[in-house]
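> Just a sequence and a predicted model for now, questions to come.
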Amino acid sequence: MWRCWKGLAAGILVVLGFAGCELDEVTIPAGEDLLIVEAILDAGRPMQYVILHHTLNGRVVGGEPGAQVRVRRGDGVEVVFSEVSPHACMTIDPTYTGGEAAVDMGASCYLSPATAGYWVIPGEEYELLIETADGKRLQGRTTVPGWYQLRGLPAEARRPPGEVGRCVLPPETPLPLEWTVSAGARAYMTHMRVEGLPEALDGRGIPNIPEVVNLLGVSASERDTSIIIPAQVGLFERQNYDNELMLALDDGFPEGVRVQIIVGALDRNYVNALRADNFHPSGPVRISSIRGDGAGVFGSIVPYSFEIDVRHGGGPGCLVGG
């Protein structure tokens, strides 16, 4: 998600600080070299990563090797990150890998050890501490959103964070999805990945059906805890797909497709970072959750994931089929 901060080199307004500190507004002049932090703690993963890179300089995004990266939990547990290959923790938007828009991406990736286990816990506070080889110091804080539960799904679909649930949904059947409030969440994001649409919609005359369709749904407050799948997912991406394809999904999925749903409770820092792309629940991004000798994001997410097999035999709703 480095692209969220690529515009910093162009001279946008950034507010540096974190909870409990006075916010200082800083204007970054065009072309200034600034160290950027990209770090999202994910309660559904045992291994976490931190990406360090500099603002875009022509067609080069420089990395920051040799840094010391640590994350300290509120109870004193501290996890030390190790530098690894950039391919271990990020993918580059294809827009920036070829042609006139090609960018030489030299970002540095730091990964937590597998031996730490699931150390990101909902409701806990974490502090990020970075010291670069040339003495730069950066800090950030996040409070991970609290535990919450999906409603209206069988136990096989309501798996804990880090596991993937499964259920069966009849064709052309909307799925009203609800969940309990996650304390401290500033927004919820629903990611929907649909595979198998070209075969499932064959013969309907819909052009340009991709093999995979990715759509996002947003609930932009702590208590906005429901969404109808698939009709209310894809507010920002619908212009990327053929209108006939989107209309075909409004009343439910066609038989034979495979769907993955991820619901994530996002902290304030994550929400502020996402505003730099297409996610604007409360205006353009102006807040960096990193303070010190740089800018960027140190946020957190609590995700739940389940897969839907669209076929007859599951009964009404998303149930376990025979």
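Noted; the coordinates are in hand.

> Going by C-alpha atoms from here, please, whenever you check contacts or count neighbours.
Will do.

> my read: Val84 touches Cys109, true?
Yes: counting by C-alpha atoms under 8 Å, Cys109 is a contact partner of Val84 at 5.6 Å.

> Who has more neighbours out of those two?
A direct count of neighbours by other C-alpha atoms under 10 Å for Val84 and Cys109 places Cys109 higher, at 24 against 15.

> What mean pLDDT does the top strand by length along the chain get?
Using DSSP state E to define each element, the chain has its longest strand at strand 295-310. Average pLDDT, strand 295-310: 95.

> i'd like the first residue to be 42 from this point on
Yep, numbering from 42; the last one is strand 336-351 now.

> Which strands and helices lie in contact with that strand?
strand 76-83, strand 178-184, strand 205-210, strand 299-307, helix 309-315, strand 328-329, strand 331-333 (3 or more C-alpha pairs under 8 Å, 6 or more residues apart in numbering; DSSP states H and E).

> for Gly85, phi and psi?
phi -100, psi 0 (degrees, to the nearest 10).

> and it, what does it touch?
Residues in contact with Gly85 (C-alpha atoms under 8 Å, 6 or more residues apart in numbering) are 159, 202-204, 343-345.

> which one of these has the most neighbours?
Val343 (28 neighbours).

> mind listing what the longest strand of the chain pairs with, with the direction of each?
The strands beside strand 336-351 in its sheet (DSSP bridges) come out as strand 76-83 (parallel), strand 205-210 (parallel), strand 299-307 (antiparallel).

> where along this structure do the helices fall?
In order along the chain, the chain carries the following helices (DSSP state H): 238-241, 284-290, 309-315.

> Work out the gap between the first one and the centre of the chain.
Centroid displacement of helix 238-241 relative to its chain, using C-alpha atoms, centre = their mean, to the nearest Å, is 27 Å.

> so how many other residues sit close to Thr156?
With other C-alpha under 10 Å as criterion, Thr156 counts 9.

> export the helices of the chain to JSON lines and tack on mean neighbour count and mean pLDDT?
Output for these, formatted as JSON lines (neighbours: other C-alpha atoms under 10 Å; pLDDT from 0 to 100):
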{"stretch": "helix 238-241", "mean neighbour count": "16", "mean pLDDT": "96"}
{"stretch": "helix 284-290", "mean neighbour count": "15", "mean pLDDT": "91"}
{"stretch": "helix 309-315", "mean neighbour count": "23", "mean pLDDT": "86"}
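
> for those helices, which one sits closest to Gly225?
Gly225 sits nearest to helix 309-315 of all those, at 8.2 Å, using C-alpha to C-alpha.

> show me what contacts Leu307?
185-186, 226-230, 340-343.

> Next: Ala306.
Ala306 touches 186, 223, 226-230, 342-344, counting by C-alpha under 8 Å, 6+ apart.

> again, 7 Å this time
Contact partners of Ala306, counting by C-alpha atoms under 7 Å, 6 or more residues apart in numbering, are 186, 223, 226, 228-230, 342-344.

> burial count for the residue lying closest to Tyr159 once chain neighbours are set aside?
Counting by C-alpha to C-alpha, 6 or more residues apart in numbering, Tyr159 lies nearest to Pro87, which is 4.3 Å off, once chain neighbours are set aside. If you count neighbours by other C-alpha under 10 Å, Pro87 ends up with 17.

> repeat for Val121
15.

> ok, what's across the strand from it?
Bridge pairing for Val121 - DSSP bridges - gives Arg111.

> quick one: it from Val91, how far?
11 Å (C-alpha to C-alpha, to the nearest Å).

> Repeat that for Ile268.
Distance from Ile268 to Val91, by C-alpha to C-alpha: 31 Å.

> which of those two has more neighbours?
Val91 (26 against 19).

> ok, Tyr90 touching Ala80?
Yes: contact criterion C-alpha atoms under 7 Å: Tyr90 and Ala80 qualify, at 6.5 Å.

> residues in contact with Gln273?
Gly258.

> what about the nearest residue to Pro217 once chain neighbours are set aside, neighbour count?
Nearest residue to Pro217, sequence neighbours excluded (C-alpha to C-alpha, 6+ apart): Ile269, at 4.4 Å. Other residues near Ile269 come to 16 when the count uses other C-alpha under 10 Å.

> list the contacts for Ile269?
Ile269 sits next to 215-218 when contact means C-alpha under 7 Å, 6+ apart.

> Now tabulate those residues in CSV and tack on pLDDT.
Compiled in CSV, the contacts of Ile269 are given as follows (pLDDT from 0 to 100):
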residue, pLDDT
Pro215, 93
Leu216, 93
Pro217, 93
Leu218, 93
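
> quick one on the thing from earlier: identify, out of the helices and strands packed on strand 336-351, the most deeply packed stretch.
Comparing these by mean neighbour count (mean count of other C-alpha atoms under 10 Å), strand 328-329 comes out on top with a mean of 25.

> For Pro344, which residues count as its bridge partners?
Here Pro344, judged by DSSP bridges, has bridge partners Gly305.

> and Gly340, what is it in contact with?
80-82, 183, 308, 310-311.
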